[in-house]
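A.B. asks: model this:
(chains A and B)
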Amino acid sequence: MMTFSTILAQAVTGTSSQDIPFSPPLLSLIVFAPIIGGLILLIFPKLDTVLARILGLFFSLSTLVMGTGAAIIVLELFGTAPIIKTAKFMSPYKLVENGEIVSSLGINYHLGIDGISILLVLLTGIIAPMCLLASWKIKKANLFNALMLLTQGAALGVFLTLNFFHWFIFWELSLFPVFFLIKIWGGPNATRAAYQFVIYTLGGSAFMLLSFAAIYAATGQLGFNILPSYVGIEGSLNEKLAAFGSTVPMLVFWGILVGLAVKVPLFPLHTWLPITYAEAPVGVSMFLTAILSKMGVYAVHRILWPIFPEQLKTASPYLIWLALAGIVLGAYAAMRQTDLKRMIAYSSINHLNYCLLAVFAAFGATHATQAAADAAFSGTLLQMFNHGLSAAALFFCIGVLEDRSGVRGLNDFGGVRKVAPVFAALCGISMFSSLGLPGLNGFVSEFLIFRGVFELMPWAAVIACLGLLGTAIFLLNFWQKVFHGPIKNNTSKITDLSPREILVLGPVVILMFVIGIWPQFIINLFKAKLDLGH
Amino acid sequence: MPSSIDILWFIPALPLLAAFIGAISTQRMRSVASGSALSAMAVSFGLSCIALKDALAAPGVHQVNNFSWVSVGTFNLQLGFLLDPLTAFMLVMVTFVGFLIFLFSTGYMKGDENYAKFFCYLSLFAAAMLGILVSNSLLLTFICWEVVGLASYLLIGFWFFKPEAAAAAKKAFITTRIGDLGFLIGLIWLHSISGTQLFYNNGEGFLETINLVEATAPALFAISAIGILLFCGAIGKSGQFPLHVWLPDAMEGPTPVSALIHAATMVAAGVFLMARVFPLLEFGSALTVVAYIGAITALLGAVIAVAQNDIKRILAFSTVSQLGYMMLAIGVGVWEAAIFHLLTHAFFKALLFLGAGSVIHAAHHEQDIRALGGLAPRMKITFATFSIGMMALAGVPFLFSGFWSKEAILHGAHTWSVSHIPFYIGLVAVVLTAFYMTRLMANVFFGKPRSHAVEHAHENNWVMTLPLTLLAICAILLGFLGTPAFPWLQAKLLGKDLSGALEFGKIFEGPGLMITSIVLVALGLGIGWAIYGFRKRERFGDADPLEKRFPGLWSALEHRLYFDELYAATILKTNSLLASFSDWLDRWIVDGAVQLVSKLGTLLGFINRDIDEQCLNAGFNETAEEIRGIGNTYSKAQSGDVHGYLRVMAWGFVAIVILVSIALNI
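C.D. replies: Numbers count the residues shown, from 1 in each chain, chains lettered A, B, ... in the order given. Next comes the predicted model:
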């Protein structure tokens, strides 16, 4: 039966084979539309502010529109094309665009999409316009929107590129707009935060670059789709790297790990995060936590375990302690924060480390059943999406408080629920989503992760429970102090949400319910990937 | 006509819809909110009755309707609905009691500015509670379980501008969540080893396959541990020792909430869960733990209730104690008696709370029994119905339902082969229950009014007295469903059809035991009346007669045996220390190390520059002058204007894009 989506899929992909560039190049459009938008705004700085805002929103929304199109096509391709399980190294990527740039160096312009990237493209499509809407009244809006669009494009580039060369360019490119965004629009310590953010991340990336230089020297390859095929076969990556010295394979692995760990962040490489999130303007904090932190987890899935499964297996029993430290210390440190943005920042550390916990448990377990690994991996992917929604929503809510009263301390408010009931309701739903209340999205991913991890490493799941408890304690404490109790001075300045603000929070809150009640709808996006086996 | 199992999901879905309507209703549409809540409950009650009829037709059958919720790779999670007599009896009870309490609330909450929200939360609660009952999946039970917790949180904190209410709501949520984490681990563990968390699935549900498990040591250990972990959830929700501390504080919520959630239904969910997974508990050694925890709770609640002065707190501790009885019954293996007591308790405790609500409403929110008094002639219906509830709770023989269900539990405990300790504890609690309820009656309804508001109290209107009357009738009649002469309820619960007619000869089964407990009830009532009835309290400030005699003991009981203080000094302190430690570690050790590295870097740069300037630069200065000239030209490019920089970057980017396009031939 020809459905609309099949027709669309055929129209876009034609009948050509998967590795020839298509017209139109949908993925390139996804990546470059926001970048082009950003460039237009940069090149014409005198543009009318209202027009600049609308243009910014338009280009920002392009990701959601085209991403949904890509999702439909991918679902259709995975759904109709029979997948042969024995073809272990068959490319799982769809809508591939591949063109050689410097063929002698193995540098290809290579884009492709699979279940993991489609999830993050859609998340970016949802969050990016939300960030612009949240910063609607910001000063120097033209420049702000331009930089946000560039960041968005860079993040999309990271999620869709399959060649390390370009991937790394996008990875680094995301830093610079963010640097200016924090420095120009940030709080009183913005300069220090911006420098710390950039230097920390650059430092991590340097290790990663060195590692890839070594990989390239050993194999002559930079493609994410090709490198996994070097695992476990004759003349494998490990042996080639070991030719440089017996410790090199492990060093290369650690180099890449450090680069990713800073981004996620993994304990103890996380200290840039609280100050950065706290000092950044609200729209940027939202984007940082929802999208940029996902780049690290994404790279774990795209690079770390496909290329270095053996090293990951060796290191996981130790790394899992770092993930646990992030989970427990993140939740408990959040309890002591009086700056609400720092509190949510620590809660992000806690939430993202559940993702790493699942990956490390899957690789570190001495005996693993397929069902447990599937639960853990799908939990990780879903958790990325869910954390993006709930953390962005919570940062936005803190922004609402700060915007109206000029302060954002835990003890500055009281009784907000009385003066702003709609705001309280939407913020409360976001809070319970972050807390993992069943019926909302966060529960599903945390359940899958705990279910997987418990079977793989029971004690790790039990320790991680402390994180669940800690999260409940500090979030309810926040709620009690800010929203309940008698009305305090600052609270009288709080007015309820404007229609624009409801437009920001409303769709996200609806999504929280939809995913919480019917998670399969989002799982279907990456289900095919896991059905294939790892 | 569709069979009951196919329409079973309507029973929780209707109140959920009502909750949604309540959520979007404004204050002006208040009657829409309460109207939809009431009609949803009424229809659900009707459907529950149909379901009960259907379930009773074949009591041994577990009708199920399962579906897939999450499926990825080789991993599957299924949810489902279940209809059997246990579900059906509970459904009828919850919808009926719920409806009456909703009706009562329309009067009690009439003046509240968040009237619509109140019905929204009540309906949300009802939906989740009914969800627990119809669930055929431990996961669905857990989901609804947590939503029930949320509804309870919202309702305890309904008057959120009161700091005590806000604190009590948080305490309830977090205390129960501690238990729920045990539940979660138990659920996950069960799913890991059995591959399913469905109760029944045509021979493949875990309650059905449990009998096939070989009783090896590891299997016994794992299943006992899972049983105890699931019991942790029940400990939290049902206010069992040692997590009972939240329940008395929960009385900060409006009184109908206390009646519905914190007495009749939600707190009984733990007992229901234990009854549901009874085959699992039976397999391992979890039941012994359940029996002892239940016995301790039964005694603890009753002892503390003696020295409370807030009418709602006395009832709250009485709930703790009665829930302990139910757990005790589960533990000694007579889960059908536990459910019997759960059902009778739901009616008479709801009755007592609504009676208390009626008193509080009439006395302008006075709830201290020392300030009440002399209400019997002023509020005749409330007094009459409250007395029925009190006698049912105290276990006054023959006429009142509480007597029969308590008798069934004591009978079960008496025949428990492991130990007789829970049985004796149960007997002690019988005396105490009769005693503290007599104290409550004497103080509230007799003597003379001890405050101005009470003197002018008068009976409430029909929306409040009608529920009282109906509940009072049930508090009497319900007992006759399960007398030893005709244990119809228990038989149906166990999946049997009761053959034969009434056996009047059996009504006094175990006469020794029955006579003992009747004597104990009489003893409790007698001592209570002797102390509080003959010489009634004169003034608000008078010390309690027992307080004069045993000041130390009294003070300890009044402070609820210092459990809150103990937890504050141990668990909360540890928690707070862990938080401080995490923060300290982050600020000083981890970030400190980072700052140290950066300082070292700066220092290194400084030394480097110094060396450069002192040694190397000297010779270069002249050259530098020339370079400076060139530099000046270039420095114009470095205008310091961010916009300028970025514009150049933008053009550079355009160039890259063009290059890439050329490379791709597009």
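A.B. asks: can you give me the strands in the chain?
C.D. replies: Since you didn't name a chain, this refers to chain A. Counting by DSSP state E, chain A has strands at residues A:94-102, A:107-113.
A.B. asks: The chain in question should be chain B.
C.D. replies: B:63-72, B:75-83.
A.B. asks: now the ones you listed as CSV including distance to residue A:156, mean pLDDT and mean neighbour count?
C.D. replies: To be clear about C-beta, it is placed using only N, CA and C from the backbone, and glycine gets the same treatment. Compiled in CSV, the strands of chain B are given as follows (distance: least, Cβ to Cβ, whole Å; pLDDT from 0 to 100; neighbours: other Cβ atoms under 10 Å in any protein chain shown):
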stretch, distance to residue A:156, mean pLDDT, mean neighbour count
strand B:63-72, 25, 88, 18
strand B:75-83, 30, 90, 22
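A.B. asks: Let's have those in CSV, adding distance to chain A.
C.D. replies: Below are the strands of chain B laid out as CSV (distance: least, Cβ to the nearest Cβ, whole Å):
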stretch, distance to chain A
strand B:63-72, 4
strand B:75-83, 4
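A.B. asks: Pull up the residues of the stretch 351-500 of chain B that are close to chain A.
C.D. replies: Within the stretch 351-500 of chain B, not a single residue sits near chain A (Cβ under 8 Å from any Cβ of the partner chain).
A.B. asks: in the stretch 351-500 of chain B, which segments are predicted with low confidence?
C.D. replies: In the predicted model, the stretch 351-500 of chain B carries pLDDT under 70 at residues B:498-500.
A.B. asks: Could you export the strands of chain B as TSV, including distance to residue B:514?
C.D. replies: Below are the strands of chain B laid out as TSV (distance: least, Cβ to Cβ, whole Å):
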stretch	distance to residue B:514
strand B:63-72	37
strand B:75-83	35
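A.B. asks: Out of the ones you listed, flag the one nearest residue B:34.
C.D. replies: Among those, strand B:75-83 comes nearest to residue B:34, with 28.1 Å by Cβ to Cβ.
A.B. asks: now the angle between strand B:63-72 and the closest one, please.
C.D. replies: 160 degrees (axes from the mean of the first three to the mean of the last three Cα atoms, to 10 degrees).
A.B. asks: Now find how far off-centre strand B:75-83 is within its chain.
C.D. replies: Mean-position distance between strand B:75-83 and its chain equals 23 Å (Cα atoms, centre = their mean, to the nearest Å).
A.B. asks: Could you list every helix and strand in contact with it?
C.D. replies: Helices and strands touching strand B:75-83, by 3 or more Cβ pairs under 8 Å, 6 or more residues apart in numbering or on different chains; DSSP states H and E, are helix A:370-405, helix B:4-7, helix B:30-57, strand B:63-72, helix B:115-134, helix B:138-156.
A.B. asks: Does chain B have contacts with the first one?
C.D. replies: Spelled out, it's helix A:370-405. Yes - using Cβ under 8 Å from any Cβ, we find that helix A:370-405 touches chain B at A:370-375, A:377-378.
A.B. asks: residue closest to the middle of chain B?
C.D. replies: Central residue of chain B (Cα atoms, centre = their mean): residue B:237, 3.7 Å from the mean position.
A.B. asks: Let me know the pLDDT of that residue.
C.D. replies: On the pLDDT scale, residue B:237 is placed at 91.
A.B. asks: can you count the residues close to the closest residue in space to residue A:249 that isn't next to it in sequence?
C.D. replies: Residue nearest to residue A:249 in three dimensions, not counting chain neighbours: residue A:241, with 4.3 Å by Cβ to Cβ, 6 or more residues apart in numbering or on different chains. Neighbourhood size, residue A:241 [other Cβ atoms under 10 Å in any protein chain shown]: 25.
A.B. asks: The stretch 201-350 of chain A against chain B: which residues are in contact?
C.D. replies: By Cβ under 8 Å from any Cβ, the residues of the stretch 201-350 of chain A that approach chain B are A:267-268, A:270-272, A:274, A:328-330, A:332-333, A:335-337.
A.B. asks: 6 Å instead, please
C.D. replies: A:268, A:271, A:329, A:332-333, A:335-336 (Cβ under 6 Å from any Cβ of the partner chain).
A.B. asks: any weak-confidence spans in chain A?
C.D. replies: A:1-24, A:77-92, A:99-106, A:232-235, A:528-534.
A.B. asks: what does the domain assignment say about it?
C.D. replies: As given by automatic domain parsing, the domain ranges for chain A are A:1-307, A:310-534.
A.B. asks: just how off-centre is the longest one within its chain?
C.D. replies: Computed by Cα atoms, centre = their mean, the chain-centroid distance of domain A:1-307 equals 9 Å.
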